[in-house]
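Q: okay, predicted coordinates and the sequence, questions at the end:
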Amino acid sequence: MNTEKIYIFDTTLRDGEQVPGCKLNKDEKIRLALHLEALGVDIIEAGFPISSPGDFDSVESISRVVKETTVCGLTRAVQKDIEVAAEALKHAKRPRIHTGIGSSDNHIKYKFNTTREDILERAVKATVLARNFVPDVEFYAEDAGRADLAFLAKLIEAVINAGATVVNIPDTTGYCLPHQYANKISYLVNNVPNIDKAIISCHCHNDLGLATANSLAGIIAGARQIECTINGIGERAGNTSLEEVVMAIKKHKELNFHTSIQHTKLYEMSREVSETMRMVVQPNKAIVGDNAFAHSSGIHQDGFLKEASTYEVIAPEEVGADTSKIVLTARSGRSALAYRFKKIGYDFDRDQVDALYKKFLEVADSKKEVQDEDLKLMAEEITESIAY
Ligand code: KIV
Ligand code: ZN
């Protein structure tokens, strides 16, 4: 069965780098960009060139070293921003300018203090200007998640006519529910006459914890590009997590989508970004968190030890993570205890495990996690008592 490609647009180096305390220097950005290219992302948003001389430098250097992947620079719908971005991208093999403006009445009134008509005009002007520099122009309709649908459709139609090759429909404030975001994309698919001339992109923030769900709803409704970051980092509660959407697409074959991501490199990439940005990955983070493949309750451990698929929909090796862990706590059962004893060299029979289990619960109730050293002490005690 032929599956449709979902383009992965990584914005770790731009939206991700906006996280307080995570600013990267040029060398760090170049190293991460090369790893993102090796991971297989289709587009690297390298930065916002007009924002600082350092960011201009980073985007320019990334444009020189990245070989095949599209390199993208962000701009506002402002002439100077676009000219500077074009300059920073001039050595890129596949340059993309990402320009745009607010599209919700909230942004139009409070950020721009202007009218919908003026926004439309500025959007078209910016797109035309960007197309003078590069053949690939992405337009973002900021805060599209809260924008009036009919106006959004008009804006998107106008920028496609002006030459936009990709139209980004950001849920900038992470406000939409999945069915609402999907309806927004479907509305554009059905009401923008020239929509087939551009790729629709999802850019979802995670303020309500729905960024991944919204991005998946978006592609099911017709979008073909997802904007995301490694570990889901980004402004406020973050962006859509790259590893989550990639693995959801991979696991749900019935969606008939594929990406070009080398999924076995996901864990390593996650650690690389975490270390470089000095931002820990939460232990319960899907796909790449320390506990993503750890089993600690007796019921789960017993099932998992009989057959891994009872409690794992992804095998750790699929994302390049260490093997699954059986963690011993006061909620663990006999099978887990026997398994862990076996791993450290003790093959106890059922009666011995029963006897050890009582002792184990006493120890487990007194600490967060029972370690191999605790097990060794228990094993020595029981072996000595048998010897006497
Ligand atoms: O969240 C957002 O709307 C953005 C745009 C600049 C694409 O990051
Ligand atoms: Zn964003």
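A: Okay, I see it. Ligands and ions are numbered 1, 2, ... in the order given.
Q: which element, helix or strand, includes the closest residue to Arg116 other than its chain neighbours?
A: Spatial nearest neighbour of Arg116, chain neighbours left out: Phe151 (5.5 Å); criterion: Cβ to Cβ, 6 or more residues apart in numbering. The way it works is simple: take the backbone N, C-alpha and C, and place the C-beta from them, glycine included. Following DSSP states H and E, one finds Phe151 within helix 149-161.
Q: just want the angle from the following helix or strand past that helix to helix 149-161.
A: Per DSSP H and E, helix 149-161 leads on to strand 166-171 as the next helix or strand towards the C-terminus. Interaxial angle of strand 166-171 relative to helix 149-161 (axes from the mean of the first three to the mean of the last three Cα atoms, to 10 degrees): 150 degrees.
Q: near ligand 1, anything from strand 166-171?
A: Yes. Using Cβ under 6 Å from any ligand atom, strand 166-171 reaches ligand 1 at Asn168, Pro170.
Q: output the contacting helices and strands for that strand.
A: Helices and strands touching strand 166-171, by 3 or more Cβ pairs under 8 Å, 6 or more residues apart in numbering; DSSP states H and E, are strand 95-102, strand 137-142, helix 149-161, helix 178-191, strand 199-204, helix 211-220, strand 225-228.
Q: just the CA trace of it, in CSV.
A: What follows is strand 166-171 as a C-alpha-only set of coordinates in CSV (Å, rounded to 0.1, in the frame of the first residue of the first chain):
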residue,chain,number,x,y,z
VAL,A,166,3.5,26.1,2.3
VAL,A,167,0.8,27.6,4.5
ASN,A,168,1.3,27.2,8.2
ILE,A,169,-1.9,27.2,10.4
PRO,A,170,-0.4,27.7,13.9
ASP,A,171,-2.4,27.1,17.1
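Q: give me the contact list for it.
A: By Cβ atoms under 8 Å, 6 or more residues apart in numbering, the surrounding residues in contact with strand 166-171 are 96, 98, 100, 136-145, 152, 156, 159-160, 181, 184-185, 188, 195, 198-205, 211, 214, 218, 223, 225, 227.
Q: partner strands of it, with direction?
A: strand 137-142 (parallel), strand 199-204 (parallel) (DSSP bridges).
Q: near ligand 1, which residues of the stretch 101-250 of the chain? Just list them.
A: Counting by Cβ under 6 Å from any ligand atom, the stretch 101-250 of the chain sits next to ligand 1 at Tyr140, Glu142, Asn168, Pro170, Thr172, His203, His205.
Q: ok, now which ones touch the fifth one?
A: When the contact criterion is Cβ under 8 Å, 6+ apart, the partners of Thr172 are Glu142, Asp143, Ala144, Gly145, His203, His205.
Q: tell me the pLDDT of the closest residue to the first one other than its chain neighbours.
A: So that's Glu142. In space, and not counting its chain neighbours, Glu142 is closest to Gly102: 4.5 Å by Cβ to Cβ, 6+ apart. On the pLDDT scale, Gly102 is placed at 98.
Q: for the one 4 residues further on, same thing?
A: At Asn106, the predicted lDDT confidence score is 98.
Q: any idea how many residues pack against it?
A: The number of residues packed near Asn106 is 13, by other Cβ atoms under 10 Å.
Q: which of the three states applies to it?
A: Secondary structure, DSSP: H, G, I helix; E, B strand; the rest coil: Asn106 is helix.
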